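Asker: next input, structure requested:
(2 chains)
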There are 2 protein chains.
Amino acid sequence: VHFAGTHLIVDLWEADRLDEIDHIEETFKQCIEEAGATLLHMHFHHFTPNGGVSGVAVLAESHISIHTWPECGYAALDIFMCGDAKPHKAVPILKRAFNSGRVQLGDHKRGMIG
Amino acid sequence: VHFAGTHLIVDLWEADRLDEIDHIEETFKQCIEEAGATLLHMHFHHFTPNGGVSGVAVLAESHISIHTWPECGYAALDIFMCGDAKPHKAVPILKRAFNSGRVQLGDHKRGMIG
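Answerer: Here you go, the predicted model:
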């Protein structure tokens, strides 16, 4: 079976530091390094002071995104990586970085052929 | 039931124009307008001339991403939108824009509570 990449859908609950852009950016860099991926571009948007953050990292191997609801302790992420990168290695880094009490993980193989 | 947003996983097969960044960007803008969403930031990366494209649009309502494999006629997209935006409205626009012979669609409710 050949497929284009692994797309993880990651939900963090009971999480904190979800309004700290610098912390989110640093965590993304750790995830990218640990997964063996290559960063091409990052962009973050802070909706209001102390409010939710949206961010994306474009990778040579696809992307990571985050959208946070600090008032709910909730963050919706996805991690899509192709090639030899190891997206699953990012999950414990995310859990630890945001002190998340509960992590839900979905795993999609994208572009499966045969 | 309350949830944070709808996350569509869209696979386009038998598709063309997957190496045309300008066309992809214009298609994203159409999708965003049709869905009633608000664009904050876009970034595209062309891996090699005539090769695959990776792109993201950060929205007030979350994001859209695309990663293309023109040599396979395949594109992996996701469309994540919160609030009143209508992400499903983007799907026929994508199918038509890339003349896709086969579309696979997955639908996740993210951040569901109760």
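Asker: how about the residues of chain A by chain B?
Answerer: When proximity is defined by CB under 8 Å from any CB of the partner chain, chain A lies next to chain B at A:4-5, A:7, A:9, A:11, A:40-41, A:43, A:45, A:47, A:54-56, A:58-60, A:62-63, A:65, A:67, A:69, A:72, A:74, A:76, A:78, A:80, A:82, A:106, A:108, A:110-111, A:113. In short, each C-beta sits where N, CA and C put it, glycine included.
Asker: now intersect these with the strands, please.
Answerer: With strands taken from DSSP state E, the overlap with the residues of chain A next to chain B comprises A:5, A:7, A:9, A:11, A:40-41, A:43, A:45, A:54-56, A:58-59, A:62-63, A:65, A:67, A:69, A:74, A:76, A:78, A:80, A:82, A:106, A:108, A:110.
Asker: just the buried ones from the residues you listed, in ChimeraX syntax?
Answerer: Per 16 or more other CB atoms under 10 Å in any protein chain shown, the buried members of those correspond to this ChimeraX selection:
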select /A:5,7,9,11,43,45,54,55,56,58,59,62,63,65,67,69,74,76,78,80,82,108,110
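Asker: and the nearest residue to A:C31 once chain neighbours are set aside, helix, strand or coil?
Answerer: Closest residue to A:C31 apart from its sequence neighbours, by CB to CB, 6 or more residues apart in numbering or on different chains: A:A90 at 3.7 Å. Assigned by DSSP: H, G, I helix; E, B strand; the rest coil, the conformation of A:A90 is helix.
Asker: A:A90 touches A:E33, doesn't it?
Answerer: No. With contacts counted by CB atoms under 8 Å, A:A90 stays clear of A:E33, the gap being 9.7 Å.
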